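A.B. asks: With the input below, show me the fold.
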Amino acid sequence: MYSVSPPSFGQSRPSSPPPSLTHTIKNSGTIVSGYPLGIAIGLLLAANVNNATKDKPTRTSWQLPIGIEFIWGFVLAVGMIILPESPRWLIKKGRDEDATRALSRLISLPPDHPEIQAQLDEIRISFQQEKGQGESSYIDCFRPANKILFRTLTGILVQALQQLTGINFIIYYGTVFFENSGISNPFLVIIIISITNVLTTIPSLWGVERFGRRRLLLVGAVGMCVCQFLVAIVGVTISTSNAAGQKVSIAFVCTYIAFFASTWGPVAWVITGEIFPLNVRAKAMSLSAASNWLWNFVTSYATPYLVNKQPGSAGLGVKVFFIWGAACVGCFTFTYFCIPEVSLLFFFLWWRSGSLYLVLDQGVIP
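C.D. replies: Coordinates of the predicted model:
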């Protein structure tokens, strides 16, 4: 990811971290956390569109939401046309002048600015290091040397556990679930949940640097676990006609969303962006992302069979929250034993070595 690519300040150990590089490293978690914030905003827009079209008596009730999706697809397609190419890729292809122009556009500095040349030099050093190591394969991601296998499995499992916390159940099936639970306006509940998702993702942009990755994951796992079990307990002890009980369930679901959005939602991506050494980073990151989407599909596909009461289904209903709560216990256990605090270690290793790319090459797991 380009956003963590620093300027070059020489190969000797600095007496103190240069300000611009310090800012880049210290805010790498904030930059990555902007990705799930964009997702949260998109979910909020989708919830409002669904709510606006739900009462239409014709097929437009579902055609309009799907049709609006084409607008965003068009915006994305046009944006990709005008998006500048990666300076790193241009350097790799020997197009130095194009790389200078692209980097100048990305960081809003003139092409002849010393910062531009410093960052290009650092990219060239990184590229030469990669060439010296040779091409890596997916098999290299599973080699035990330098704890590469451990790092790869950490990235895969942290993304899998993120999906197993039950977030997709709320986002994808929340409307139907709340309606079956006796909520009179489930679409409004989803809007409230989506607003909570957006508002509580924003503090993570600051908290991920202030409190660290590991601490947020641990606190988030505990908070989500408590909320999931409480929703399940309330659901199995009251009837669907109990208005007060339904409000309590909604409150704990919103609290769960707040814990997820401020911890596991963004921090899982931050972790996978910082633990891999340079030679396998791209491939290991792709495995982590594949794990995220695989378990996204698995939980989304399996949920109806877990919740519904039709023949061939488990008919768990609200008891499914016990499963999500148990998964959150797994999140806490995995984080406690397997995930180090990478933010401080990342910065310390850079300060000691004098080169961020040396740190990336070695990785940040001791």
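
A.B. asks: And the helices in the stretch 1-150 of the chain?
C.D. replies: Ranges of helices within the stretch 1-150 of the chain are 19-26, 28-53, 60-82, 87-92, 96-107, 114-133, 148-164, based on DSSP state H, counting those that start in this stretch.

A.B. asks: tell me the most buried of those?
C.D. replies: Of all the helices of the stretch 1-150 of the chain, helix 148-164 has the most neighbours on average by mean count of other CB atoms under 10 Å, namely a mean of 21. (C-beta placed from N, C-alpha, C; glycine too.)

A.B. asks: Report all helices and strands that that one contacts.
C.D. replies: Counting by 3 or more CB pairs under 8 Å, 6 or more residues apart in numbering; DSSP states H and E, the packing neighbours recorded for helix 148-164 are helix 264-274, helix 281-307, helix 320-338.

A.B. asks: looking at the ones you listed, which is closest to Phe187?
C.D. replies: Distances from Phe187 to each of these were compared by CB to CB, and the smallest falls on helix 281-307, at 18.6 Å.

A.B. asks: now the angle from that closest one to helix 320-338?
C.D. replies: Put simply, helix 281-307 runs at 150 degrees to helix 320-338, going by axes from the mean of the first three to the mean of the last three CA atoms, to 10 degrees.

A.B. asks: buried sites along helix 281-307?
C.D. replies: Applying a neighbour-count criterion of 16 or more other CB atoms under 10 Å, the buried positions in helix 281-307 are 281, 283-285, 287-288, 291-292, 295-296, 299, 303, 306-307.

A.B. asks: quick one: which of the helices of the stretch 1-150 of the chain is nearest Ile257?
C.D. replies: helix 28-53 (9.5 Å).

A.B. asks: wouldn't Tyr173 be in contact with Pro304 here?
C.D. replies: Yes - at 7.2 Å, Tyr173 counts as touching Pro304 under the criterion of CB atoms under 8 Å.

A.B. asks: list the contacts for Ile171?
C.D. replies: The contact partners of Ile171, taken as CB atoms under 8 Å, 6 or more residues apart in numbering, are Leu43.

A.B. asks: re earlier: could you dump the buried residues of helix 281-307 to JSON lines with pLDDT and distance to Asn51?
C.D. replies: Compiled in JSON lines, the buried residues of helix 281-307 are given as follows (pLDDT from 0 to 100; distance: CB to CB, whole Å):
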{"residue": "Arg281", "pLDDT": "84", "distance to Asn51": "41"}
{"residue": "Lys283", "pLDDT": "91", "distance to Asn51": "41"}
{"residue": "Ala284", "pLDDT": "93", "distance to Asn51": "40"}
{"residue": "Met285", "pLDDT": "92", "distance to Asn51": "36"}
{"residue": "Leu287", "pLDDT": "95", "distance to Asn51": "37"}
{"residue": "Ser288", "pLDDT": "95", "distance to Asn51": "34"}
{"residue": "Ser291", "pLDDT": "96", "distance to Asn51": "32"}
{"residue": "Asn292", "pLDDT": "94", "distance to Asn51": "28"}
{"residue": "Trp295", "pLDDT": "95", "distance to Asn51": "28"}
{"residue": "Asn296", "pLDDT": "93", "distance to Asn51": "24"}
{"residue": "Thr299", "pLDDT": "92", "distance to Asn51": "24"}
{"residue": "Thr303", "pLDDT": "90", "distance to Asn51": "22"}
{"residue": "Leu306", "pLDDT": "90", "distance to Asn51": "26"}
{"residue": "Val307", "pLDDT": "89", "distance to Asn51": "22"}
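
A.B. asks: hmm, back to that, okay if I get the helices of the stretch 1-150 of the chain as TSV plus mean pLDDT?
C.D. replies: As requested, the helices of the stretch 1-150 of the chain are arranged in TSV below (pLDDT from 0 to 100):
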stretch	mean pLDDT
helix 19-26	40
helix 28-53	86
helix 60-82	90
helix 87-92	86
helix 96-107	88
helix 114-133	82
helix 148-164	94
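
A.B. asks: This completes my enquiry, with thanks.
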